[in-house]
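Engineer: Below: sequence and its predicted model.
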Amino acid sequence: MPETASQEIIVRAFDIIGSPLGVSSDDGQKVHDKIAPLLREGRKVSLSFDRIETIISAFLNAAIGQLYGELPEEKIRELFNVRDMAQEDLALLKRVVDNAKLYFANRKEFDQAWKEETGSENEK
C-alpha cells in the first residue's frame, strides 16, 4: 500500500458547502468532487458532518451514493468513512448506500424500467 494511503484525510462537508444544510444535490456534488479523487488515489478519507444540521437523501446520493458507480465497494469500505453524523442521518445514509449499490448493480434494468414508467427517453 502506498505510504500516503495510511494517512487519513478529514474532509469537512461544512467547509465545502459553507452551510449547515446538506440539502441540495449540487452541494452533494461538491463534496463528491472533493472526496472521489482522493479515494481513486487510494487515500483514506473521513467525511465529517460536524456543524451539518440537516441532511436529505438528494445530498447524500450526490455526495456518497454515486461513489458506488465509480469505485468497487471493497475499496470504498476500506478507504472511506463518515464521522460526526447524527444517528437518524446514519440510518438515511445506510438507505442511500443500499439503494446505490442496488441501482449500480442493475443500472441497465433500472434505467429501462424508468423509461417504460415515464414513457420518455430522458432519465429525469
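Structural biologist: Everything's here; your move. Numbers count the residues shown, from 1 in each chain.
Engineer: how about the strands in this protein?
Structural biologist: In the chain, strands defined by DSSP state E lie at 8-12, 21-22, 44-48, 54-55, 80-83, listed in chain order.
Engineer: mind checking how far the second one is from the chain centre?
Structural biologist: The reference is to strand 21-22. 14 Å (Cα atoms, centre = their mean, to the nearest Å).
Engineer: Numbering from 407 from now on, please.
Structural biologist: OK, 407 is where the count begins now, so the last one is strand 427-428.
Engineer: And the average pLDDT for that strand is what?
Structural biologist: In this model, strand 427-428 carries a mean pLDDT of 98.
Engineer: Could you list every helix and strand that it packs against?
Structural biologist: Judged by 3 or more Cβ pairs under 8 Å, 6 or more residues apart in numbering; DSSP states H and E, strand 427-428 is in contact with strand 460-461, helix 463-469. C-betas here are computed from N, CA, C, even on glycine.
Engineer: Not counting its own residues, what contacts the last one?
Structural biologist: For helix 463-469, the surrounding residues in contact (Cβ atoms under 8 Å, 6 or more residues apart in numbering) are 419, 428-435, 437-438, 441, 453, 498-499, 501-502, 506.
Engineer: Least confident secondary structure element in the protein?
Structural biologist: Comparing helices and strands within the chain by mean pLDDT, DSSP states H and E singles out helix 513-524 as the least confident, with a mean of 80.
Engineer: Need the winner for burial among the helices and strands packed on strand 427-428.
Structural biologist: When you average the neighbours per residue for each of the helices and strands packed on strand 427-428 (mean count of other Cβ atoms under 10 Å), helix 463-469 leads with a mean of 22.
Engineer: Let's see it as PDB, backbone CA atoms only.
Structural biologist: Listed in PDB are the C-alpha atoms of helix 463-469, where the atom choice follows Å, rounded to 0.1, in the frame of the first residue of the first chain:
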ATOM      1  CA  SER A 463     -31.100  11.900   0.600                       C
ATOM      2  CA  ALA A 464     -30.600  14.100  -2.500                       C
ATOM      3  CA  PHE A 465     -27.400  15.500  -0.900                       C
ATOM      4  CA  LEU A 466     -26.200  12.000   0.200                       C
ATOM      5  CA  ASN A 467     -26.900  10.500  -3.200                       C
ATOM      6  CA  ALA A 468     -24.700  13.000  -4.900                       C
ATOM      7  CA  ALA A 469     -22.000  13.100  -2.200                       C
END
